[in-house]
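Peer 1: predicted model follows, preceded by the sequence.
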Amino acid sequence: MIKLVPAGQKDSIEMRKIYAGFIAQQIENGNSVIALEADLMSSMAMDSVARDYPQYVINCGIMEANVIGTAAGLALTGRKPFVHTFTAFASRRCFDQLFMSLDYQRANVKVIASDAGVTACHNGGTHMSFEDMGIVRGLAHSVVMEMTDAVMFSDILRQLVELDGFYLVRTIRKQATSIYSPGTTFSIGKGNVLREGTDITLIANGIMVAEALEAARQLEQSGVSAAVIDMFTLKPVDRMLIKNYAEKTGRIVTCENHSIHNGLGSAVAEVLVESCPIPMRRVGVKERYGQVGTQDFLQREYGLTAHDIVAAARELL
């Protein structure tokens with residue numbers, strides 16, 4: 001079993017600072033990495049990196065589609081482009097470029113999509129994307145992931161430098177709730193079993209992993225044994241793990257900071273209908289757009305809390 005930190009702790013470093021530090025380190029190591037931004041330098045803590053290494057950090061302005069095209073061209077020269085923008089712009093704003101310039105061409109470009117779902121907070125509905133992973137997972141060669149905490153983000157970034165192809169990494173920008181002990185490593189395409197259980201399985205990703213663990217603790221108090229899985233890779237999803245726990249517990253609840261359509265809930269349902277049809281529920285955003293608010297308020301407003309997961313689980317018990 002993977003070792004977890006005690007519940008309720010926050011990461012000591014923001015996700016954006018993990019990213020900026022990673023880019024700076026790769027440049028210093030001479031790893032051919034080049035970073036591209038769409039006028040969000042300060043939002044991703046990249047200002048100091050750009051000052052220190054101006055030839056390796058390109059601010060393309062508020063032209064997200066052009067950022068993707070530029071990154072694809074740089075990849076053809078042997079560089080390793082890392083593109084950052086908000087999730088809304090990394091998906092729906094430049095989808096045709098993701099298709100034509102990256103996935104169709106099999107370009108070696110990594111896209112870091114920040115301010116995932118309700119964590120966009122005060123940026124409001126236009127900048128709050130609930131459909132982004134669903135859009136990108138439809139591309140033939142894409143790999144789509146959502147980060148859980150700083151330990152995971154650090155390890156995945158390290159791996160991405162050595163991997164070829166188009167990867168979309170969805171993350172929050174600021175502090176995440178700590179889940180994993182320092183030094184934990186992750187296998188892309190494999191889910192992590194965080195808690196064993198026999199009555200029901202909670203499959204979550206991103207900020208919903210902490211909520212799922214809390215829901216499992218609450219269910220345990222009433223005699224319900226809930227397994228918890230962090231399915232941080234949405235595509236390719238870990239089909240075998242889903243099937244195994246479907247057979248083991250007979251009930252599944254998916255938990256995502258994303259629309260219930262075309263995201264984690266849909267990916268899990270696709271596996272179940274083909275290999276092990278069992279009752280399931282999907283906790284996620286239902287037929288709504290975003291709005292301005294704090295993260296706590298928005299999680300309550302959109303039904304993305306441990307309480308909502310417990311309620312969904314009880315419908316199956």
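Peer 2: It's in. Residues are numbered from 1 along each chain as shown.

Peer 1: C-alpha from now on. contacts and neighbour counts both.
Peer 2: Noted.

Peer 1: what's the end-to-end length of stretch 9-20?
Peer 2: Across its full length, stretch 9-20 reaches 23 Å between end residues, using C-alpha to C-alpha, to the nearest Å.

Peer 1: run the chain-centre distance for that stretch.
Peer 2: 15 Å (C-alpha atoms, centre = their mean, to the nearest Å).

Peer 1: mean confidence score for it?
Peer 2: What stretch 9-20 shows for mean pLDDT is 94.

Peer 1: so what touches that stretch?
Peer 2: 43-46, 49, 149-150, 153-154, 157, 171-179 (C-alpha atoms under 8 Å, 6 or more residues apart in numbering).

Peer 1: ok, now stretch 124-138?
Peer 2: 86-92, 95, 115-121, 142-144, 168, 170, 234-235, 257-259, 261-263, 285, 289-293.

Peer 1: where along the protein do the helices fall?
Peer 2: Using DSSP state H, the helices of the chain run over 15-28, 47-52, 64-76, 87-88, 95-97, 132-136, 150-160, 208-221, 239-249, 264-275, 295-301, 306-316.

Peer 1: buried deepest among the ones you listed, which one?
Peer 2: helix 87-88 (a mean of 26; mean count of other C-alpha atoms under 10 Å).

Peer 1: just want the most central residue of this structure.
Peer 2: Residue closest to the average C-alpha location in the chain (C-alpha atoms, centre = their mean): residue 146, at 1.3 Å.

Peer 1: bridging residues for it?
Peer 2: residue 170 (DSSP bridges).

Peer 1: so residue 67 touches residue 58, yeah?
Peer 2: No - the criterion here is C-alpha atoms under 8 Å, and residue 67 misses it with residue 58 at 9.1 Å.

Peer 1: identify the contacts common to these two.
Peer 2: 36, 37.

Peer 1: show the contacting residues for residue 261.
Peer 2: Contacts of residue 261 (C-alpha under 8 Å, 6+ apart): 131, 134.

Peer 1: I appreciate the help and will end here.
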